[in-house]
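K.L.:
Quick one, fold the following:
(one chain, ligands or ions: 1)
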Amino acid sequence: MKNVEETKIVILGSGFGGITTALKLARFARRTDGLKIHILSKDNFFFFTPFLVEVVTGMVETRHIVVPVRQLFYGRRVDFTQCEVKRINLKERAICTSVGGFPYDFLVIALGSVTNDYGLDGIAQNTFFLRSLEDALRLRRHIISVLERADANPDSLKSGLLTFLICGAGPTGIELACGMRDMFGEVIPIFYPKIPFEKIRIVLVEAMDQILPGFPSALRHHVRRRLDEKRVEVLLSSPVGRADPGGVFLDDGSFYPSATVIWTAGIKAREILAEPELPKDHRGRIKVNDYLRVEGYEGVYALGDIAACPSNQNGLLLAEAQVAVQQARWLAAHIHARLEGLAPKKFRFHRYGRLLSLGSRHAVVSFLGVRLYGFIAWWFWRTAYLFKLRGFKNKLRVMIDWTMALFFQRDMSGFG
Ligand SMILES: Cc1cc2nc3c(=O)[nH]c(=O)nc-3n(C[C@H](O)[C@H](O)[C@H](O)COP(=O)(O)OP(=O)(O)OC[C@H]3O[C@@H](n4cnc5c(N)ncnc54)[C@H](O)[C@@H]3O)c2cc1C
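P.N.:
Numbering: from 1, shown residues only. Okay, the predicted model is just below:
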């Protein structure tokens, strides 16, 4: 066992970035006396965002993608306090929270992002977001209530009740569109026979002139074909102007009536107060250097969605779990190396691939230069994400959920 001077490492957030940093640091703490690792987060759980669409569409139970933080760190030398982070006092090197102050020697800011409504009128009030577990459950309950309303009163079908508008044709919007089409195809003929299935419209509304910006073009074309097959309408170059309770107005003034407008059009960094103000980019992300360090503040680091981190190919890294996880592993090793007096190395992100589920046993995958489509890609998608899901119990539960879905109908109760 090595000894270092008592060093307090405070980690803000229990998402991908925060949890991974703490897990890796905990390994060093086993061999090093004096390291105090403390997570502060408003949620006492970690949840797996890539399966939020599965929760909405009833493929996976909500609980099965959630792991309690205390369970993750059971038997490890990591403290946890559930609290709201209010302010960072950079001069005094302390965090002000809803339950008091916490001093730090090293600070890791991993507070993530929130949905960006770009200041457009009515978006926050009249659309559904998909960023948190609550968002997923709210959306699921709403979709089920729409089906119940359509079944109870066939006259109401005229007012856009069966039109589902998804704003944002990025990965989340596309996975959701495909997942919803599958869900409707499965449950409507059996449970809602009065609803005319062909009247259901799923429309992806995208401001740019292409879907999946940033994805390889062959992959984009394949996805577009798949969306056509699944009768998902795609409106390109159609920026949304505002949302009303009954639908959305596009910038060109046209109105799309819809009882369900889902906003997956963007995210922004979570705002965090600091004294003095932290350096931020135009999208509110904390600017960090190649060592994930906030310039000008010794021992203060930011990672994941909240950080504006330079990428190897000019520009900035994307807000993705794989970025947050790689940064977190690197940062834990970096802090450990610093405590050991070793020379620091720069952080480099390595993209191993992109995975996108397109519903009913179909996906696209680009992994280590290999492209896969269809069933094999879908199998790869499931296996890869199951592997990444935290906790053996959760892996088993999700596997059981998926297996049950092969033999039993989906649960369409508007409960949970
Ligand atoms: C629907 C959906 C699907 C996605 N699918 C993928 C995918 O397939 N692949 C991929 O790479 N990425 C995916 N992502 C993106 C990925 O989830 C994020 O990039 C990742 O969560 C970022 O990790 P993070 O640690 O920065 O933030 P988060 O994981 O969001 O964690 C932030 C943490 O901070 C805590 N917190 C926030 N504010 C406070 C406060 N004031 N006080 C205390 N605690 C606070 C929160 O409780 C949370 O624990 C998806 C995102 C969504 C929404």
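K.L.:
And what about the closest residue to V60 other than its chain neighbours, helix, strand or coil?
P.N.:
In this structure, V60 finds its nearest non-sequential neighbour in E54, 4.0 Å apart by C-beta to C-beta, 6 or more residues apart in numbering. Quick note: C-beta positions are derived from backbone N, CA and C, even for glycine. Each residue gets one of three states, and E54 gets helix by DSSP: H, G, I helix; E, B strand; the rest coil.
K.L.:
need the contact list for E54.
P.N.:
By C-beta atoms under 8 Å, 6 or more residues apart in numbering, the contact set of E54 is 60, 65, 179.
K.L.:
any idea how far it is from P103?
P.N.:
As judged by C-beta to C-beta, to the nearest Å, E54 and P103 stand 41 Å apart.
K.L.:
now could you export just the CA positions of stretch 268-276 as PDB?
P.N.:
Taking only C-alpha atoms (Å, rounded to 0.1, in the frame of the first residue of the first chain), the coordinates of stretch 268-276 have been written out as PDB:
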ATOM      1  CA  LYS A 268     -26.800  22.000 -24.500                       C
ATOM      2  CA  ALA A 269     -24.400  21.900 -21.600                       C
ATOM      3  CA  ARG A 270     -26.000  22.000 -18.100                       C
ATOM      4  CA  GLU A 271     -25.600  25.500 -16.600                       C
ATOM      5  CA  ILE A 272     -23.400  25.600 -13.500                       C
ATOM      6  CA  LEU A 273     -22.600  28.600 -11.500                       C
ATOM      7  CA  ALA A 274     -19.000  29.200 -10.600                       C
ATOM      8  CA  GLU A 275     -17.000  32.000  -8.900                       C
ATOM      9  CA  PRO A 276     -15.200  33.300 -10.900                       C
END
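K.L.:
ok, then the element right after the one helix or strand L35 maps to?
P.N.:
For L35, the host element (DSSP states H and E) is strand 32-41. Following strand 32-41 in sequence order, the next helix or strand is strand 45-47 (DSSP H and E).
K.L.:
quick one: contacts for the residue nearest to F73 when sequence neighbours are not counted?
P.N.:
When the adjacent residues along the chain are set aside, F73 lies closest to F80, with 6.5 Å between them (C-beta to C-beta, 6+ apart). When the contact criterion is C-beta under 8 Å, 6+ apart, the partners of F80 are 14, 38-39, 41, 44, 69-70, 73.
K.L.:
Buried among the residues you listed? Need that as a selection in ChimeraX.
P.N.:
Here is the ChimeraX selection string for the buried members of the contacts of F80, based on 16 or more other C-beta atoms under 10 Å:
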select :14,38,39,41,69,73
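K.L.:
just the contacts of F80 that are near the ligand?
P.N.:
Filtering those for proximity to the ligand by C-beta under 6 Å from any ligand atom leaves 14, 41.
K.L.:
would CSV of the contacts of F80 with pLDDT be doable?
P.N.:
Compiled in CSV, the contacts of F80 are given as follows (pLDDT from 0 to 100):
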residue, pLDDT
S14, 98
H38, 98
I39, 98
S41, 98
N44, 98
V69, 98
R70, 97
F73, 97
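K.L.:
and which of the contacts of F80 is nearest to I190?
P.N.:
N44 (38.5 Å; C-beta to C-beta).
K.L.:
The stretch 201-350 of the chain against the ligand: which residues are in contact?
P.N.:
Residues of the stretch 201-350 of the chain that fall close to the ligand, judged by C-beta under 6 Å from any ligand atom: 270, 304-306, 319-322, 324.
K.L.:
secondary structure class for the nearest residue to L303 once chain neighbours are set aside?
P.N.:
Nearest-residue entry for L303: Q327, 3.9 Å, with adjacent residues in sequence omitted and distances by C-beta to C-beta, 6+ apart. The assignment at Q327 comes out as helix when based on three-state DSSP.
K.L.:
isn't Q327 right next to A307, touching?
P.N.:
Yes: between Q327 and A307 there is a contact at 7.5 Å, judged by C-beta atoms under 8 Å.
K.L.:
list residues touching both of the two?
P.N.:
Residues touching both Q327 and A307 (C-beta under 8 Å, 6+ apart): L292.
K.L.:
Check for me that the residue nearest to F73 belongs to a strand.
P.N.:
Yes: using three-state DSSP, the secondary structure at F80 is a strand.
K.L.:
give the contact list for the residue in the stretch 101-250 of the chain positioned nearest to the ligand.
P.N.:
Using C-beta to the nearest ligand atom, the single residue of the stretch 101-250 of the chain nearest to the ligand is G112, 2.6 Å away. For G112, the contacting residues are 13, 15, 17, 270, 304-306, by C-beta under 8 Å, 6+ apart.
K.L.:
Find the closest residue to the ligand in the stretch 251-400 of the chain.
P.N.:
G304 (2.1 Å).
K.L.:
ok, how many other residues are close to that residue?
P.N.:
The burial count assigned to G304 is 31, neighbours taken as other C-beta atoms under 10 Å.
K.L.:
how much space between it and A110?
P.N.:
Taking C-beta to C-beta as the measure, G304 falls 5 Å from A110.
K.L.:
what sits in contact with each of these two?
P.N.:
Taking C-beta under 8 Å, 6+ apart as the contact definition, G304 and A110 share the neighbouring residues 13, 15-18, 324, 328.
K.L.:
Which residues lie in contact with the most centrally placed residue in the chain in this structure?
P.N.:
The centre of the chain sits closest to T49, judged by C-alpha atoms, centre = their mean, with a distance of 4.3 Å. Each residue near T49 by C-beta under 8 Å, 6+ apart is listed here: 16, 131, 321.
K.L.:
element containing V203?
P.N.:
Following DSSP H and E, one finds V203 within strand 201-205.
K.L.:
now the helices: where do they sit in the stretch 101-250 of the chain?
P.N.:
Under the criterion DSSP state H, counting those that start in this stretch, helices of the stretch 101-250 of the chain are mapped to 123-126, 133-152, 171-191, 217-229.
K.L.:
right, so these: which one is the most enclosed?
P.N.:
Each of those was assessed for mean neighbour count using mean count of other C-beta atoms under 10 Å. The highest is helix 171-191, with a mean of 21.
K.L.:
Can you name every helix or strand that that helix contacts?
P.N.:
In terms of contacts (3 or more C-beta pairs under 8 Å, 6 or more residues apart in numbering; DSSP states H and E), helix 171-191 is packed against helix 52-56, helix 133-152, strand 163-167, strand 201-205, helix 217-229, strand 232-235, strand 353-357.
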